[in-house]
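Undergrad: dropping the sequence and predicted coords here.
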Amino acid sequence: MSAIRQVVPLGAQWPGIDPFLFTAHHRDEFPAADGTTMRPAASLEGRSIGQDFSGKDGWSMYHGDTVPGFPQHPHRGFETVTVVLDGIVDHSDSLGAAARFGHGDTQWLTAGAGISHSEMMPLLNDDAPNPLELFQIWLNLAPEDKAAEPHFDMFWAEETPVVVRGEEGTAARFRVIAGELDGVRALDPPPNSWAARPENHLAIWIVTLDPGVSTELPAFDASAGRVLYNYGGGITVDGQEIGYDAAVLAPEPVTVTAGDDGAAFLILQARPIGAPVVQQGPFVGNTREDIITAMDEYRAGVFGQWDLPSNGPVHPHGQTRFARYPDGTEKRPADAS
C-alpha cells in the first residue's frame with residue numbers, strides 16, 4: 001500500500017488539514033529600491049494599487065501603496081508562523097511590538113483574543129534586486145485558547161535548529177521550526193499554541209535536498225496527520241512522482257528522493273484539534289456568533305490601539321534585524337545584519 005493517501009495540486013493558498021488552516025508561499029523578485037526610500041525603483045503603472053497580487057514582472061505590491069506588503073489588519077482566534085527564507089519583513093503591532101526580520105528568521109504570533117499588525121516588505125538594496133521568499137502558516141488555536149492574551153515572539157535563524165544528514169553536496173537539510181527530528185528539538189513555541197503540548201505531535205520542517213539525494217521521513221503517531229508541500233523541484237515520494245503538489249502521508253516511514261535539480265518542501269504535521277471551524281477573513285472562531293463578536297469588538301477598539309503614524313510603517317533604512325517586545329525589551333540575533 002502506498003504511503004501517499006492523497007495528492008492535491010497547489011495554488012495561491014496551500015490547503016491545510018486540522019489544525020493548519022492554510023499556508024501562503026510568497027516568492028517575489030522585487031527590483032532595486034529607489035534610493036533609501038525602500039520603494040521599488042520601477043513604475044507601478046498597470047497595477048491595482050492596494051490590491052495587487054498580479055505577479056507582474058515577477059512581483060506584487062500586495063496591499064501596499066508605496067512599499068510592498070500588508071498594512072495594518074486584524075487577526076483573532078489563531079496563530080501565524082511566518083518564516084522568511086530570503087529578504088526582509090518589517091512588523092509592527094497593537095501590542096507595541098516591532099521587528100525587522102528575514103534571512104531564515106521566524107516570527108510566531110498568537111493572535112488569541114485579538115491583535116492588529118502590519119507586515120511590510122522594505123527594499124533595502126538600491127543597486128541590486130531585492131528577492132523575497134516566505135511562508136506564512138495559519139495555525140488554529142484550540143477553543144480554550146482562542147481568547148488567550150496575544151503573544152509575539154521571534155526565532156532568529158542563528159538559533160533555529162537545522163538537522164543535516166549527509167555531506168556537503170549530497171545532503172538533506174531540515175530546518176526544525178517546530179517539533180523534533182533525529183533527537184533535535186525546536187525552540188519553545190508560545191504557551192497557548194497547539195504546538196506547546198507534546199501530545200499533539202506538531203511539527204513544522206522546511207527541507208532541502210541536494211540533487212539526487214534520498215532521505216527518510218520518520219514514522220509519526222497515528223493520531224496525527226502529515227502533509228508534504230513540494231515547492232522546489234521534482235521529487236519522488238515512496239516511488240511516486242510529485243510535482244507542485246501537496247501529498248497527504250500515512251504514518252509509516254517514507255523515502256523522498258530529489259531530482260537532478262535538487263528539491264525543497266515543507267512538512268506540516270499535528271494531531272487535529274477536532275473542533276468546528278468558522279472563518280471569515282482574518283477572524284477564526286468555532287461558531288458564527290464568534291465571528292460576529294470579533295467584528296464588533298474590532299470596530300470597538302478591543303484589539304488594542306494603533307498609535308503609529310502610518311498603517312504601513314517601515315523601520316529606518318539602516319536598521320538591522322531586531323525585535324522589540326511589548327514590555328520594551330529588545331533582542332537581536334548574534335549577526336544583526
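TA: Happy to help now that I have it.
Undergrad: quote the end-to-end distance of stretch 212-221.
TA: With CA to CA, to the nearest Å as the measure, the ends of stretch 212-221 fall 29 Å from one another.
Undergrad: can you list contacts of it?
TA: Residues outside stretch 212-221 that contact it (CB atoms under 8 Å, 6 or more residues apart in numbering): 165-166, 170-172, 181, 201, 203, 207, 209, 226, 228, 249, 251-260, 262, 267, 269, 271. C-betas here are computed from N, CA, C, even on glycine.
Undergrad: narrow these to those in strands?
TA: In strands, defined here by DSSP state E, the members of the contacts of stretch 212-221 are 165, 172, 181, 203, 207, 209, 226, 228, 249, 254-258, 267, 269.
Undergrad: from Gly69, how far out is the nearest residue to Leu308 once chain neighbours are set aside?
TA: Using CB to CB, 6 or more residues apart in numbering and skipping the chain neighbours, the partner closest in space to Leu308 is Ser92 (5.9 Å). From Ser92 across to Gly69, the span is 11 Å (CB to CB, to the nearest Å).
Undergrad: list the residues that contact both of those two?
TA: Residues touching both Ser92 and Gly69 (CB under 8 Å, 6+ apart): Ser118.
Undergrad: circling back to that earlier point, filter the ones in strands among the contacts of stretch 212-221 down to the buried ones, PyMOL style.
TA: Paste this into PyMOL to select the buried members of the ones in strands among the contacts of stretch 212-221, with burial taken from 16 or more other CB atoms under 10 Å:
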select buried, resi 165+172+181+203+207+209+226+228+249+254+256+257+258+267+269
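Undergrad: out of the ones in strands among the contacts of stretch 212-221, which comes closest to Arg5?
TA: Nearest to Arg5 out of the ones in strands among the contacts of stretch 212-221 is Leu249 (CB to CB; 6.7 Å).
Undergrad: am I right that the closest one is in contact with Arg226?
TA: Yes. Contact status for Leu249 versus Arg226: in contact at 4.6 Å, counting by CB atoms under 8 Å.
Undergrad: please identify the helix or strand for the closest residue to Pro31 other than its chain neighbours.
TA: In this structure, Pro31 finds its nearest non-sequential neighbour in Ala42, 4.6 Å apart by CB to CB, 6+ apart. According to DSSP states H and E, Ala42 maps onto no helix or strand at all.
Undergrad: which is the next helix or strand following the helix or strand containing Asn230?
TA: Assigned by DSSP H and E, Asn230 falls within strand 225-232. Following strand 225-232 in sequence order, the next helix or strand is strand 235-237 (DSSP H and E).
Undergrad: so what does that following strand touch, helix or strand wise?
TA: strand 240-242, strand 254-258 (3 or more CB pairs under 8 Å, 6 or more residues apart in numbering; DSSP states H and E).
Undergrad: list the beta-bridge partners for the residue nearest to Leu308.
TA: Ala98, Ser118 (DSSP bridges).
Undergrad: try the one 10 residues further on
TA: Beta-bridge partners of Gly102, counted by DSSP bridges, are Ile88.
Undergrad: who touches it in this structure?
TA: Listed by CB under 8 Å, 6+ apart, the contact set of Gly102 reads 84, 86-89, 132, 321.
Undergrad: ok, Tyr244 next?
TA: Tyr244 makes contacts with 9-10, 230-231, as judged by CB under 8 Å, 6+ apart.
Undergrad: same question for Val254.
TA: 3-4, 216-217, 237-238.
Undergrad: excluding its backbone neighbours, what's nearest Gln279?
TA: In space, and not counting its chain neighbours, Gln279 is closest to Leu21: 6.9 Å by CB to CB, 6+ apart.
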